[in-house]
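[1] A structural model of the following input is requested.
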Amino acid sequence: CPPLTIRQAKGGCKFLCSLEPIRKNFLILCLTIFFCLMKQKHFILALVAMMSFAFSALAQTTVTTEGELKTAMSSTGAVILDGDIELEKAIVIPKKIAIVLDLNGHRIEGVTTGQNGISLEANASLTINDSKGGGSITSKSYVLNGAGGSKIILNAGKIYRSSWAVYTTGSFVINGGTVECNDGSMAIRVAGSGTITLNGGTVTSVQVSGGTLNVQNEDATITSGIQLDKGAKDVNITAGTIGGDITVAPEVTPDKITISGGTIEDGDAVKDYLEEGKSLDENGNVVESTVAKIGEVKYTFLQEALDAAVAGKGNVTVTILENVDLTNVTWKPVTVSAPHYPVVTVEGNNKTITGLTDMLFAGTWAGGSGLIIKDLTIENSTIVNDKDDAEGTVGVGAFIGYPQASATITLENCHLKNSSVEG
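    This is a model prediction of the structure:
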């Protein structure tokens, strides 16, 4: 870049610079801010402005051959392709070197069997852009291979190979572009303590042999599945679209997987990993569960719905909207004993409660209160309440423990299956 000329002018400084057009305005802005802040003695802010200037002024190298690309990627800077390049040997980005690569609509193709396309040593970084669109990188072995501590950021462009296009034990952040494979293998494999984060873009498939997978933006798409091997440490899906099969090794326990959003095609495979209070709708969207309702008020949990019902007055009807799995849930038996003497009706809607560990209702209070339960099944439950009579509990039952002299006690079409009651 030619020298920068600074000329004093009335009311401030005037800058003359023949920088490349893509950087000129930003550089001038940084320097203007720098001198103005120095004049006001804001030295720390001035330093920040100057650092921004230095960053944007990184060497930008245009390359057309394998040799030029290898040389440009040996030191920190920005690299722009000006033609397609075939690689006979892998390009290696050395430790602590930061490269910003603009494919510029061109292709990098590794043509030697067994050779990676681009490998990153520890703590090296590579950011891939594609200013014109249509750019790509491919190779006969891993297209991108990141060592521990390395960081790859894909903003645009296409990374593809027949299998395992990317392997990393470092960090791989996908903001846009595509990562593809076409032989049924995984497009990306993360191992060790590596991390894959999808903020956007499209990936054929992901294999988590170790480390972490984060899918956290609605623009992110995995088209053909996820494979979680026994070494997978943490999987978080908060948004995005997951197509294809999801396979989970037996060693991957539910506490290592959290799914709180997004759209999941293979719903049966992930239902045990949904965040508490979430469920899948008919289209595979992860939504807030609506287990029950009172009038137009919807409830995510059955406990809160029944607790709200017994706190009311007059006739209160709770309608159960879906099957309820209470496995590993601490259930607190509900008592109809509010001072307003409600008559609570539970419309079971032919749904089933499983995994119940205590009485659904402890009892009712003598007087005007009452309980009506219709069309409800309790199944695969082990119900235990005050087994040793330490608390002096009067009665125990699956649907109700101790119905006192209430106005109404009705069980209609209610069933207890494959369960036990003890107390």
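
[2] helix/strand/coil for Gly134?
    coil (DSSP: H, G, I helix; E, B strand; the rest coil).

[3] in which helix or strand would I find the residue nearest to it when sequence neighbours are not counted?
    Once flanking residues are discounted, Gly134 sits nearest to Gly105: 4.8 Å by CB to CB, 6 or more residues apart in numbering. Yep, even glycine has a C-beta here, placed from its N, CA and C like the rest. Using DSSP states H and E, Gly105 is not contained in any helix or strand.

[4] Isn't Gly105 up against Gly135?
    Yes: Gly105 lies in contact with Gly135 (CB atoms under 8 Å); the separation is 5.2 Å.

[5] which residues pair with the closest residue to Asn380 other than its chain neighbours across the strands?
    Once flanking residues are discounted, Asn380 sits nearest to Thr354: 4.7 Å by CB to CB, 6+ apart. When bridges are called by DSSP bridges, Thr354 pairs up with Asp325, Glu379.

[6] circling back to that earlier point, intersection of neighbour lists for Gly105 and Gly135?
    Leu81 (CB atoms under 8 Å, 6 or more residues apart in numbering).

[7] Could you check which of those two has the larger neighbour count?
    Gly135 (23 against 17; other CB atoms under 10 Å).

[8] can I assume the more buried one is in contact with Ile85?
    No: with contacts counted by CB under 8 Å, Gly135 stays clear of Ile85, the gap being 11.1 Å.

[9] Common neighbours of those two, please.
    With CB under 8 Å, 6+ apart as the test, Gly135 and Ile85 both reach His106, Arg107.

[10] wait, what's in contact with the residue positioned nearest the centre of the chain?
    By CA atoms, centre = their mean, the chain has its centre lying nearest to Ile237, at 2.6 Å. With contact set as CB under 8 Å, 6+ apart, Ile237 has these partners: Asn214, Val215, Gln216, Thr258, Ile259, Ser260, Gly261, Gly262, Ile264, Val286.

[11] Roughly how far does the closest residue to the third one other than its chain neighbours sit from Asp268?
    Translated: Gln216. Spatial nearest neighbour of Gln216, excluding adjacent residues (CB to CB, 6+ apart): Thr238 at 4.8 Å. Here the distance between Thr238 and Asp268 works out to 20 Å (CB to CB, to the nearest Å).

[12] go on, Leu302?
    Shown here: Leu302 relative to Asp268, a distance of 22 Å by CB to CB.

[13] more neighbours, the two?
    Neighbours were counted for Leu302 and for Asp268 using other CB under 10 Å; Leu302 has more, 24 against 9.

[14] how many neighbours does Lys271 have?
    That count, for Lys271 with other CB under 10 Å as the rule, works out to 14.

[15] Can you name the residues bridging to the closest residue to it other than its chain neighbours?
    Counting by CB to CB, 6+ apart, Lys271 lies nearest to Leu280, which is 6.8 Å off, once chain neighbours are set aside. Beta-bridge partners for Leu280, by DSSP bridges, are Val286.
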